[in-house]
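> could you work out the structure for the sequence below:
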Amino acid sequence: MLGDLRPDTYQAILESLPAGVCITARDRKILVWSSGAEELTGHLRQEMLGRPYPENLIAECGSDGSFLLLKNGGRIPVSSRTVFWRDDSGSVAGDIHYFERRQPTAVRDGAARKLSPAVAVDLTTGLPNRQATESRLDTYFSNYQRHSIPFGILMVVLDGVDRLLRTDGRNAVETALQVTGQTLVARLGAHDFVGHWSGERFLAVVGGCTEPALKSVAQQIKRLVELQDIPWWGDRLTVTVSIGTAMAGPGVTTETLVERAEAERLQPA
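Residues are numbered from 1 along each chain as shown. You can find the predicted model right below:
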């Protein structure tokens, strides 16, 4: 019977869950921060116990679901639930927050596996580099031509890089690129791809989509990047992105597809 279990057994069960569990008191201070919560967020238990529950830990992004804020400032998609717990007198004593990662991440290494590690990965972002990204884009385009499998691309550009470079330096820019790249990967699905294109640019490919769906993904990414909260030497960095979209279609090449996405990105809002 569950009532016969010892407290340390309950603790062992909690620590074995493949998800994050955070238990708070009535005053919202954290009483329990599980190993799963440590693994998912990057925040260690000793950093969180006794602190107020972060109200921005989980953000709701409409139909796209919930996203968990990581220690490095990025966000990943999660399934989450909050319920209250009662003390021995039957009174509500606080909340139990449960969150687990959901949704497969974007395909990042399909092209990289075909190339040597030295040329496949961008060292700043950890994503496939320009050569690997072009190779993957060619694969999507070939599938479109042969099997009429639709796809679209997103040209995602980090805004204000020159300003960030002047105020916080090169390392801040690289950190912002790394976290933004991780956020892109977390949002995209198993049939999608994202790589580093050049400088502050990422190119993402969304497979099997319609134009409205592609534009919806672009808006969701913009919102998620705005929700990033990147710790930086006692301060916080926030960034935004501008995004252009383009769909594969008759008479379109990979080159013109990229040109169309870039042209749309530069159009006035």
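> looking at this, residue 222 is in a helix?
Yes: under DSSP: H, G, I helix; E, B strand; the rest coil, residue 222 sits within a helix.
> residue 206 bridge partners, please.
residue 152 (DSSP bridges).
> for it, give its distance to residue 262.
17 Å (Cβ to Cβ, to the nearest Å). Bear in mind the C-beta positions are built from the backbone N, C-alpha and C, glycine included.
> looking at those two, which has the bigger crowd around it?
A count of neighbours by other Cβ atoms under 10 Å puts residue 206 above the other of residue 206 and residue 262, at 26 against 16.
> wait, the more buried one sits on residue 151?
Yes: between residue 206 and residue 151 there is a contact at 6.3 Å, judged by Cβ atoms under 8 Å.
> now residue 52: phi and psi?
Per-residue torsions, residue 52: phi -60, psi 150 (degrees, to the nearest 10).
> please report how far it lies from residue 156.
Residue 52 is 34 Å from residue 156, by Cβ to Cβ.
> so which of the two has more stuff around it?
residue 156 (27 against 11).
> is it true that that one lies in a helix?
No: under three-state DSSP, residue 156 sits outside any helix and is assigned strand.
> which residue packs closest to it, ignoring adjacent ones?
Leaving aside its chain neighbours, residue 156 sits nearest to residue 202 (4.3 Å; criterion: Cβ to Cβ, 6 or more residues apart in numbering).
> neighbours around the closest residue in space to residue 161 that isn't next to it in sequence, how many?
Spatial nearest neighbour of residue 161, excluding adjacent residues (Cβ to Cβ, 6+ apart): residue 200 at 4.6 Å. The local packing of residue 200 (other Cβ under 10 Å) involves 20 other residues.
> cool, residue 46 as well?
Residue 46 has 9 neighbours, counted by other Cβ under 10 Å.
> so what's it up against?
Listed by Cβ atoms under 8 Å, 6 or more residues apart in numbering, residue 46 has no contact partners.
> now do it against residue 38, distance only.
10 Å.
> any idea how many residues pack against the closest residue in space to residue 23 that isn't next to it in sequence?
Nearest residue to residue 23, sequence neighbours excluded (Cβ to Cβ, 6+ apart): residue 32, at 3.8 Å. For residue 32, the count of nearby residues is 18 (other Cβ under 10 Å).
> ok, the strand or helix carrying residue 32: who's next to it in the sheet?
In this assignment (DSSP states H and E), residue 32 forms part of strand 30-33. The pairing partners recorded for strand 30-33 under DSSP bridges are strand 20-25 (antiparallel).
> then the strand it pairs with to CSV, C-alphas only?
Output of strand 20-25 as CSV, limited to C-alpha atoms (Å, rounded to 0.1, in the frame of the first residue of the first chain):
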residue,chain,number,x,y,z
GLY,A,20,10.5,18.0,-13.8
VAL,A,21,8.7,18.4,-10.5
CYS,A,22,8.6,21.6,-8.5
ILE,A,23,6.7,21.8,-5.2
THR,A,24,6.0,25.2,-3.7
ALA,A,25,4.5,26.4,-0.4
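> next, the buried residues of that strand.
20, 21, 22, 23, 24, 25 (16 or more other Cβ atoms under 10 Å).
> do the same with stretch 172-187
In stretch 172-187, counting by 16+ other Cβ under 10 Å, buried: 172-173, 175-187.
> same check on stretch 253-263?
Those would be 257, 258, 260, 261, 262, for stretch 253-263 by 16+ other Cβ under 10 Å.
> list the contacts of the first one.
Which is residue 257. 137, 141, 153, 246, 248.
> please apply the same query to the third one.
Applying Cβ under 8 Å, 6+ apart, we find residue 260 in contact with 244, 246, 252.
> swap in 7 Å and give it another go.
By Cβ atoms under 7 Å, 6 or more residues apart in numbering, the residues touching residue 260 are residue 246.
> secondary structure class of residue 76, three-state.
Residue 76 - assigned by three-state DSSP - is strand.
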